[in-house]
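Provided below for reference: sequence and predicted model.
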Amino acid sequence: MSIHTMSIPVDFLSEEQFSCSICLEVFTNPVSTPCGHSFCLSCITSYWDSRGKACICPLCKESFRKRPELHINHTLKEITEQFKRMAETSGSHGLSTSPQAGSSQSPRIMERKITGSSRPGELPGGLLMEMKSRFQRTSSSGNLLEASLPSTPPPPYEAARRRFSASGFGPGSSTGPQCSKHQRSLDMFCRNDQTCVCSTCAEDDHHGHLVVPARREMAAKKSQLGIMEAEVQNLITAREKKIEEIQMSLANIQANAQQEVEITLSLFRALVSSLERSQAEVLEIVEMGRAAAELRSQGLIRDLQLEISELSKRSSTLSELSQSNDHFSFFKTYPSLSSGPPMKNWTEVTLTPDPTAGVVLKNVTHMVEKIQDELKKLPQSCLHSVIESPVKQQPRLWKIQDYALDITLDRDSAHPRLMISEDCKQVYCSDNYHTVTDTPERFDRMVCVLGCQGFSSGRHYWEVHVGEKTDWDLGVVNRSVNRKGKISVSPANGYWLLSLRDKHEYAFRANPLMPIYLNPKPQKVGIHVDYEKGRVSFYNADTMALIFTNVYFFTETLYPCFSPCTNRSGQNEAPLVICPISPSE
């Protein structure tokens, strides 16, 4: 196998160049990132998998917008595999352990650096020099396999000293830290004592310790820092999502509270209006009694005034007669005046009060006191409901059969793309429009259908199987809702609908939209309506866990509403199915 390469200075080749900075082993299936650094394919893949979507080079920290496509560096792979095989054979044939003339290194150290390895997969020092020698020869001969092993290796740590000297950390460098004892560069790292040492300290004070090049150890620690950083980022992301979840829940609570305030004000305004009407009616009754008494008194006074007028005339006649001297005229007139005129006996006549007098005040007083007592209890009752135990706030296991509504789908209201089963219990959306009569009751743009059964009082419950559908709408609507053209779906427009979009996004259709977080995803949804209390509630019918409740003031007949939504290229083709509710035992 011939591998041609440019001439590489031997001093710039090191064991670190043939080792993965993540696993610290000789490359296995080496690949290179766009920034130019090489790693084992499995190492860099595992590193990126641990960081989620973030793709960062463990060495230079360069960030990539999307994960790069990695290809094995076959040249580097062939070199490392060739020398792995040489390392295996070197153990059986042995390598020269005689020290170089003039070398200060001990035979034991030379044996450890040449034939030994600090850990499996690490290149022995002799093989490292062999690789350097063959790279040097390759530039002239072009055949890597023609090179032979050198007879005498260089002194231990020399390559590391040359390598770090080139970057300004070797002896004589004024920028790197120096060993205070030997005045050498602190370019090695003792893993036993977790400190930087020079090559001399490694042979003396740290004899027998695991000593590795400091730069390589730093690269390994940096890769670990990258993993730690990824874990921290995952924790940050989880907490940011929790903050977002809390904020969305708060927005939902605030929207519900605002709606509750508006409905409460509306109910109190209706109550005040009702009180005003009752007040007017009661005052009218009192006024009628007063007017009747006035008319009766006027009649009595008129009769009395007539009798007074008659008596006044009689009195004048009697006075004139008493003054008369004509006996003939006197006896002629006297008989008619001797007997008194017919008069009414007013002794028993009285102006009695109207029968309603006092009764109205008594009844009104009793009613006002009763209402005031109930109003005084209202805040305490609301507070007691709020501070009830969580168990009591959970949906109670009421007898659903008592409120079960047997619903069938109304074909005359169905959108032209909807297909309804023969028993009118299932509906799904087809890809084509069907020829149907355009009745006023039919929806022509919103893909939905209503139930045949409407109600304007009482409590009602039904269940719908939604399964794994990605989109749907369920709830109730007013009879008079707009069914043509674009529709703004909200309670203000007569729509009370729970929705699912894109398989995971649940919301109550209001203005603004009220997102709902559900776990687990319901397979069957129960809808319960209490008309008198103005309440629409949605449940996970399998667990009877409450999903959402909305309170409103109903004024019209309500009809169940079903929307399977569009097919979405076959991903949402399953039907909505109205489920039968089993009778209780």
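Ah, there it is.

do I have it right that V349 meets I301?
No. In this structure, V349 is not within contact of I301 by Cβ atoms under 8 Å, at 11.1 Å. From N, CA and C alone the C-beta is placed, and that goes for glycine too.

so how far is M86 from T264?
Relative to M86, T264 is positioned 86 Å away (Cβ to Cβ, to the nearest Å).

burial check on P440, number of neighbours?
8 (other Cβ atoms under 10 Å).

what does H528 give?
21.

wait, is it part of a helix?
No. H528 is assigned strand when assessed by DSSP: H, G, I helix; E, B strand; the rest coil, not a helix.

how about it, what does it touch?
Each residue near H528 by Cβ atoms under 8 Å, 6 or more residues apart in numbering is listed here: 403, 459-461, 535-539.

ok, the nearest residue to C179 once chain neighbours are set aside - contacts?
The shortest distance from C179 to any non-neighbouring residue, by Cβ to Cβ, 6 or more residues apart in numbering, is to C198 (3.9 Å). Applying Cβ under 8 Å, 6+ apart to C198 gives the contacts 179, 182, 184-188.

can you tell me which helix or strand of this structure has the lowest average pLDDT?
helix 107-114 (a mean of 36; mean pLDDT, DSSP states H and E).

before we move on, back to that, T264 and M86 - which one has more neighbours?
With neighbours defined as other Cβ under 10 Å, T264 and M86 compare such that M86 has more, 18 against 13.

any idea where the helices of this protein begin and end?
41-50, 74-93, 107-114, 125-141, 158-166, 199-203, 214-323, 327-338, 359-386, 390-393 (DSSP state H).

want to try CSV for those helices, with distance to G570 as columns?
Below are those laid out as CSV (distance: least, Cβ to Cβ, whole Å):
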stretch, distance to G570
helix 41-50, 32
helix 74-93, 44
helix 107-114, 67
helix 125-141, 58
helix 158-166, 61
helix 199-203, 68
helix 214-323, 31
helix 327-338, 119
helix 359-386, 47
helix 390-393, 41
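
closest one to N519 among the ones you listed?
Nearest to N519 among the helices of the chain is helix 214-323 (10.9 Å), distances taken as Cβ to Cβ.

for that closest one, packing partners?
helix 41-50, helix 158-166, strand 188-190, helix 327-338, helix 359-386, strand 514-516, strand 545-551 (3 or more Cβ pairs under 8 Å, 6 or more residues apart in numbering; DSSP states H and E).

ranking the ones you listed by mean pLDDT, which is last?
The weakest mean pLDDT among these belongs to helix 158-166, with a mean of 38.

can you list the domain ranges for this protein.
For the chain, automatic domain parsing gives the domain ranges 10-156, 252-352, 400-579.

and the ones you listed: which comes nearest A238?
Of all these, domain 10-156 comes closest under Cβ to Cβ, at 11.1 Å.

show me where pLDDT drops low in the stretch 451-585 of the chain?
The model of the stretch 451-585 of the chain has pLDDT under 70 over residues 583-585.

could you do the stretch 301-450 of the chain as well?
In the stretch 301-450 of the chain, residues with pLDDT under 70: 338, 340, 354-357, 383-401.

tally of neighbours for the closest residue to H71 other than its chain neighbours?
What sits nearest to H71 in space, not counting adjacent residues and going by Cβ to Cβ, 6+ apart, is V31, at 6.4 Å. By other Cβ under 10 Å, 22 other residues sit near V31.

hang on, isn't V31 packed against S42?
No. Using Cβ under 8 Å, V31 is not in contact with S42; the gap is 9.7 Å.

list the beta-bridge partners for Q426.
Taking DSSP bridges, one obtains V577 as the residues bridged to Q426.

now stretch 208-218, how far from the centre of its chain.
For stretch 208-218, the separation from the chain centroid amounts to 49 Å (computed by Cα atoms, centre = their mean, to the nearest Å).

could you do stretch 334-348 as well?
99 Å.

just the residues contacting that stretch, thanks.
Against stretch 334-348 from outside (Cβ under 8 Å, 6+ apart): 303-304, 307, 310-311, 314, 317-318, 321.

list the buried residues for it?
Residues of stretch 334-348 classed as buried by neighbour count (16 or more other Cβ atoms under 10 Å): none.

and stretch 214-227, C-alpha only, in PDB?
What follows is stretch 214-227, C-alpha atoms only, in PDB (Å, rounded to 0.1, in the frame of the first residue of the first chain):
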ATOM      1  CA  ALA A 214      -0.300  17.900  30.000                       C
ATOM      2  CA  ARG A 215      -1.800  19.100  26.700                       C
ATOM      3  CA  ARG A 216      -3.400  15.700  26.100                       C
ATOM      4  CA  GLU A 217      -4.800  15.500  29.600                       C
ATOM      5  CA  MET A 218      -6.100  19.000  29.200                       C
ATOM      6  CA  ALA A 219      -7.800  18.000  25.900                       C
ATOM      7  CA  ALA A 220      -9.400  15.000  27.700                       C
ATOM      8  CA  LYS A 221     -10.600  17.200  30.500                       C
ATOM      9  CA  LYS A 222     -12.000  19.700  28.000                       C
ATOM     10  CA  SER A 223     -14.000  16.900  26.300                       C
ATOM     11  CA  GLN A 224     -15.400  16.000  29.700                       C
ATOM     12  CA  LEU A 225     -16.200  19.700  30.300                       C
ATOM     13  CA  GLY A 226     -18.100  19.600  27.100                       C
ATOM     14  CA  ILE A 227     -20.200  16.700  28.300                       C
END
